[in-house]
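> Could you work out the structure for the sequence below:
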Amino acid sequence: KRAHCDDGFQASLMAFPAVAAANYSEETIGTTTHDVLLPTGVASGNLLFLLICMEGNNPTISDMPAGWAEIKDLLSGTNNNLSIWWKQSDGTEVSFTYTSSLSVRSSQRTLRITGHLSATAPSVSTGATGTSVSPDPDSLNPAGAAEDIMWIACCTSDAGVVSAYPTNYADNQFTDGTPG
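Reported below is the predicted structural model:
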């Protein structure tokens, strides 16, 4: 996109960050091998997110492909683990498998983000814990707050299926996984 002002000045405009595509996979019985399905249309420069929810007492993850970096690992209670990974795409990524240290059920949600400004690690909050089926994320004041910012809230729960999303999180609401 380009903006043209009356005085002849031209400036490039960056699109607002957006979820361009998403995908999902889950392991409904305990296993140490977990499949990750990437969204369609992955291209060089896209920001990729991987949200992993696992049952079990803090299983560790190994065998991630090169370039994926974990930015959050949160144990909620004694039986739920949320792990958030990200990668700046080089356009060669394909679906893959990772290994967990415990045999657990899991769900994996991948997001392909376009219109972002930076290839630096996204800001992540401390993480809220609890047992609600209507979770509400804690606050975050990211660097670069004057920029267009996309907010993503995610949770893992043994309390049951999420019944309400946080206020003002109206787009791209996904409920994944098999409760239990």
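> could you pull out the strands for the chain?
If you assign secondary structure with DSSP state E, the strands in the chain sit at 2-4, 10-12, 18-36, 47-55, 61-62, 69-76, 80-88, 96-114.
> Give me the contact list for the fifth one.
Residues outside strand 61-62 that contact it (Cβ atoms under 8 Å, 6 or more residues apart in numbering): 52, 70, 83, 98, 99, 100, 101. All C-beta atoms are positioned from the backbone trio N, CA, C, and that covers glycine.
> again, but for stretch 34-48
Applying Cβ under 8 Å, 6+ apart, the contact partners of stretch 34-48 are 17, 20-25, 27, 50, 52, 54, 86-91, 93-100, 106, 108, 110-114, 116, 122.
> How about that stretch, which residues are buried there?
For stretch 34-48, the buried set under the neighbour-count rule, 16 or more other Cβ atoms under 10 Å, comprises 34, 36, 38, 39, 42, 46, 47, 48.
> for stretch 70-80, same thing?
In terms of neighbour count (16+ other Cβ under 10 Å), stretch 70-80 has its buried residues at 72, 74, 75, 76, 80.
> Show me what the last one is bridged to.
Read it as residue 80. Residue 80 forms beta bridges with residue 55, residue 76, as assigned by DSSP bridges.
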